[in-house]
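Chemist: next comes the sequence, and after it the predicted model I'd like to discuss.
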Amino acid sequence: MKVVSASHVHVEPGALAGKERDVLRLTWEERRWSRKRVVTEKGREVALALPTGSTLRTGDILLVEAEWYLEVESAPEPVIAVFARDHAEALRLAFEVGNRHFSLAVEPDALLVPDDPAMEQLLARLGAKWERRTAIFNPIGAAHAHEH
């Protein structure tokens with residue numbers, strides 16, 4: 001079993017040419033786990049032993065081996081898409097979601113929040129228009145500062 005201890009590997013362009021690409025497809029919560037055993041799409045077992053506070057993101061290269069490499073992809077997951085009527089409502093919704101310590105993503109047509117009963121209750125209380133979706137959830141303020 002391979003052990004991953006860094007959230008990304010710096011790879012020169014072209015260094016992956018000719019290598020088999022394997023994928024670790026993770027939801028938002030899974031991308032935040034720093035310690036976990038996982039199985040890649042190709043069936044390889046990998047142990048994550050990342051520094052506390054690490055967050056994986058799409059495109060991170062975790063391992064480069066002689067014949068293959070491992071790349072992170074974001075998995076679609078259940079979310080609630082909220083449709084604000086105007087800018088003021090969008091700000092209020094964002095405040096209320098953050099005040100409850102939930103993450104929020106901004107899409108061109110909606111705000112995305114985790115599909116959670118507490119969110120459903122909040123949105124009903126606020127009279128917000130919303131729907132359930134399956135989407136990739138990348139909350140604002142969640143990226144880490146490395147460059148590819």
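Modeler: Yes, it's here.

Chemist: doesn't residue 16 make contact with residue 69?
Modeler: Yes: counting by CB atoms under 8 Å, residue 16 is a contact partner of residue 69 at 5.4 Å. C-beta: built from backbone N, CA, C; applies to glycine.

Chemist: quick one, helices of this structure?
Modeler: In order along the chain, the chain carries the following helices (DSSP state H): 28-32, 87-99, 117-126.

Chemist: want to try a markdown table for these, with mean neighbour count and distance to residue 52 as columns?
Modeler: Below are those laid out as a markdown table (neighbours: other CB atoms under 10 Å; distance: least, CB to CB, whole Å):
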| stretch | mean neighbour count | distance to residue 52 |
| --- | --- | --- |
| helix 28-32 | 17 | 11 |
| helix 87-99 | 14 | 23 |
| helix 117-126 | 14 | 26 |
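
Chemist: burial of residue 24, as a residue count?
Modeler: 23 (other CB atoms under 10 Å).

Chemist: related to what we said a few turns ago, what touches both of residue 69 and residue 16?
Modeler: Counting by CB atoms under 8 Å, 6 or more residues apart in numbering, the residues touching both residue 69 and residue 16 are residue 61.

Chemist: before we move on, the earlier item: in CSV: the helices of the chain, plus distance to residue 22.
Modeler: Shown next, in CSV, are the helices of the chain (distance: least, CB to CB, whole Å):
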stretch, distance to residue 22
helix 28-32, 16
helix 87-99, 35
helix 117-126, 34
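
Chemist: can I see the domain layout of this protein?
Modeler: Annotated domains of the chain cover 2-9+19-74, 77-135 [automatic domain parsing].

Chemist: now do the same end-to-end measure for the last one.
Modeler: The one in question is domain 77-135. From the first residue to the last, domain 77-135 extends over 5 Å; the measure is CA to CA, to the nearest Å.

Chemist: returning to what we had before: which among the domains of the chain is found nearest to residue 141?
Modeler: Of all the domains of the chain, domain 77-135 sits nearest to residue 141, with 8.2 Å by CB to CB.
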